[in-house]
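Enquirer: Okay, sequence plus prediction incoming.
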Amino acid sequence: MALHGAELGLAWATPFAGLLLSIAAMPLAAPAVWHHHFGKIAAAWALALLLPFGLSFGAAATGGVLVHTLVEEYLPFTILLCALYTAAGGIYIRGNLHGSPALNAGLMALGAVLASFMGTTGASMLLIRPLIRANDNRRHNAHVVVFFIFIVSNVGGSLTPLGDPPLFLGFLQGVGFLWTTEHLWAQTLFLLVALLAVFCLIDAWLYSREGVTRVDPTPDMPALGIEGGINLLPLAAAVGLVLMSGTWKPGVVLDLWGTPLPLQALLRDLGLVAVTAASLWLTPAGVREKNRFSWAPMEEVAKLFAAIFLTMVPVIAMLKAGPAGVFAPLAALLGGTDGQPSTAAYFWLTGGLSSVLDNAPTYLAFFNLAGGDAQRLMGEGAAVLAAISGGAVFMGAMTYIGNAPNFMVKAIAEERGVKMPSFGGYLLWSGAVLLPLLFVMAWLWM
């Protein structure tokens with residue numbers, strides 16, 4: 001069943017809003033309850049959508065929405081994350097790492113470069129553990145992880161479809177592989193340089209004030225090196241499978257309860273499951289223990305994003321309805337006074353909603369609002385497409401739930417003892433640091 005957003009009222013967004021409020025408030029208001037029952041709470045909000053939906057549209061339509069969300073969105077998303085998380089978690093970067101401002105900035109710069117080649121998730125999972133280990137004897141280290149999320153988990157992935165899921169969706173719609181490289185390199189470079197400069201100033205100030213640091217809880221071996229390097233092969237295979245699914249189109253499509261499943265997507269996902277198994281099998285004994293690898297962050301992301309994907313289905317449908325739906329005032333903002341599309345409006349609306357919705361379907365919604373024709377958008381609509389792409393990728397860093405790696409990095413950091421900011425606390429960081437830089441960037445380029 002195709003869900004017609006024009007027929008839906010704003011009340012259908014209530015479960016999604018409630019889920020967001022739970023993620024933001026409950027870790028502060030009731031941390032013990034949230035820690036032990038977040039999966040049940042997320043499931044309750046999903047049921048708050050599915051039960052009324054079933055009563056309103058029938059069991060068949062509800063089943064179709066479930067299958068569509070599971071097959072086209074949630075399973076590919078989760079399987080890819082799991083493959084990258086598992087492979088990167090089997091690589092241990094050893095060495096006498098000490099969290100000075102120069103080392104921290106260097107690791108982030110390296111991660112930003114890697115992000116557009118192995119994805120923000122792959123780069124984040126590869127480097128967050130050595131970064132945390134390097135700073136685990138510092139009194140102030142939460143800001144290091146926050147800037148890592150800005151730089152590696154988001155902005156660094158803006159140059160290729162391999163970097164961030166929204167750009168991969170654009171690639172599947174026909175946007176050229178190097179199109180974002182050509183049209184977003186200046187904006188990306190500006191944000192990376194500015195963020196690294198601000199980080200160095202903050203980190204150098206805090207570093208100078210710390211004086212005698214605590215005893216290092218994880219003293220490193222003196223020789224810098226990599227253990228579990230065999231996992232670079234599964235990482236490369238995962239990237240190759242993603243690229244294959246966007247370039248090879250045999251035209252074979254299976255039908256699952258009305259949801260099309262192209263052969264290349266099925267083979268990609270099966271291949272990624274094999275990559276996960278191969279990584280677990282190939283990793284030398286003891287490497288994951290040194291990395292303090294656990295499945296808890298993956299479990300948290302899998303449970304919360306299952307509910308996020310389900311509850312945002314009507315929200316995305318209402319967005320796609322454009323002027324015919326309840327979000328018509330937002331759609332009206334996309335056109336300028338001269339009748340031409342407003343690139344600034346596309347940037348801020350795509351970005352603002354990407355901060356609270358998953359940025360991949362948000363990108364697709366605004367891509368369709370802009371006409372949905374990749375060839376036209378790459379030509380006369382290039383400014384609009386750049387605004388949509390930049391908004392989805394850059395502003396996915398504004399909240400923990402804007403992009404999946406954000407949540408995974410937070411979960412890993414907290415598991416390793418870093419006292420990360422709350423949902424609202426993180427928003428203060430992104431509002432104070434990232435948002436002003438985005439205003440400058442938009443003024444210069446949008």
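Expert: Good, I have the coordinates.
Enquirer: ok, which stretches of the stretch 251-400 of the chain are helices?
Expert: Secondary structure of the stretch 251-400 of the chain, counting by DSSP state H, counting those that start in this stretch: helices at 263-282, 287-290, 296-311, 313-320, 328-333, 343-354, 359-369, 374-378, 382-394.
Enquirer: starting at the chain centroid, how far to the longest one?
Expert: In other words, helix 263-282. Relative to the mean C-alpha coordinate of its chain, helix 263-282 is positioned 21 Å out (Cα atoms, centre = their mean, to the nearest Å).
Enquirer: which outside residues touch it?
Expert: For helix 263-282, the external contacting residues (Cβ atoms under 8 Å, 6 or more residues apart in numbering) are 75-76, 79-80, 82-83, 86-87, 90, 230-231, 233-234, 237-238, 241-242, 244-245, 248-250, 252-254. Quick note: C-beta positions are derived from backbone N, CA and C, even for glycine.
Enquirer: If any of the residues you listed are buried, put those into a ChimeraX selection.
Expert: Selection command for ChimeraX covering only the buried members of the contacts of helix 263-282, criterion 16 or more other Cβ atoms under 10 Å:
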select :76,79,80,82,83,86,87,90,230,231,234,237,238,241,242,245
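Enquirer: what bits of the chain have low per-residue confidence?
Expert: Confidence mapping of the chain against pLDDT under 70 gives the ranges 1-2, 96, 211-223, 336-339.
Enquirer: Show the contacting residues for Ala374.
Expert: By Cβ under 8 Å, 6+ apart, the contact list for Ala374 reads 170, 173-175.
Enquirer: And for Pro314?
Expert: In this structure, Pro314 makes contact with 3, 5, 8, 12-13, 16, 49, judged by Cβ under 8 Å, 6+ apart.
Enquirer: Could you dump those into a markdown table and include secondary structure?
Expert: What follows is these, written out as a markdown table (DSSP: H, G, I helix; E, B strand; the rest coil):
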| residue | secondary structure |
| --- | --- |
| Leu3 | coil |
| Gly5 | helix |
| Leu8 | coil |
| Trp12 | helix |
| Ala13 | helix |
| Phe16 | helix |
| Leu49 | helix |
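Enquirer: any idea which helix or strand carries Leu107?
Expert: helix 101-134 (DSSP states H and E).
Enquirer: Would you mark the buried spots in that helix?
Expert: Neighbour-count burial for helix 101-134, counted by 16+ other Cβ under 10 Å, picks out 101, 103-105, 107-109, 111-112, 114-134.
Enquirer: Next, the angle from it to helix 296-311.
Expert: Calculated by axes from the mean of the first three to the mean of the last three Cα atoms, to 10 degrees, helix 101-134 forms an angle of 100 degrees with helix 296-311.
Enquirer: Who are the packing partners of helix 101-134?
Expert: Packed against helix 101-134 by the contact rule (3 or more Cβ pairs under 8 Å, 6 or more residues apart in numbering; DSSP states H and E) you find helix 75-89, strand 92-94, helix 142-151, helix 179-210, helix 232-247, helix 404-415.
Enquirer: which residues touch the third one?
Expert: Applying Cβ under 8 Å, 6+ apart, the set of residues contacting helix 142-151 from outside is 99, 104, 108-109, 111-112, 124, 127-128, 131-132, 135, 192, 195-196, 198-199, 202-203, 206, 397, 405-406, 409-410, 413, 418-421, 426, 429-430, 433-434.
Enquirer: Give me the buried entries from these.
Expert: When neighbours are counted using 16+ other Cβ under 10 Å, the contacts of helix 142-151 contain these buried positions: 99, 104, 108-109, 111-112, 124, 127-128, 131-132, 135, 192, 195-196, 198-199, 202-203, 206, 397, 405-406, 409-410, 413, 418, 420-421, 426, 429-430, 433-434.
Enquirer: ok, back up a step: which one of the contacts of Pro314 is nearest to Gly63?
Expert: Within the contacts of Pro314, distances to Gly63 taken as Cβ to Cβ reach their minimum at Leu3, with 13.0 Å.
Enquirer: sorry, back to before: let me have the helices of the stretch 251-400 of the chain in a markdown table, extended by distance to Thr181.
Expert: As requested, the helices of the stretch 251-400 of the chain are exported to a markdown table (distance: least, Cβ to Cβ, whole Å):
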| stretch | distance to Thr181 |
| --- | --- |
| helix 263-282 | 23 |
| helix 287-290 | 34 |
| helix 296-311 | 28 |
| helix 313-320 | 27 |
| helix 328-333 | 29 |
| helix 343-354 | 18 |
| helix 359-369 | 17 |
| helix 374-378 | 13 |
| helix 382-394 | 11 |
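Enquirer: Could you say which one of those helices comes nearest to Ala442?
Expert: Closest approach to Ala442 among these is made by helix 343-354 (5.8 Å; Cβ to Cβ).
Enquirer: Go through the closest one and flag the buried ones.
Expert: Applying a neighbour-count criterion of 16+ other Cβ under 10 Å, one finds 343-351, 353-354 buried in helix 343-354.
Enquirer: Going by distance to Leu304, which of those residues wins?
Expert: Distances from Leu304 to the buried residues of helix 343-354, taken as Cβ to Cβ, are shortest for Ser354 (16.9 Å).
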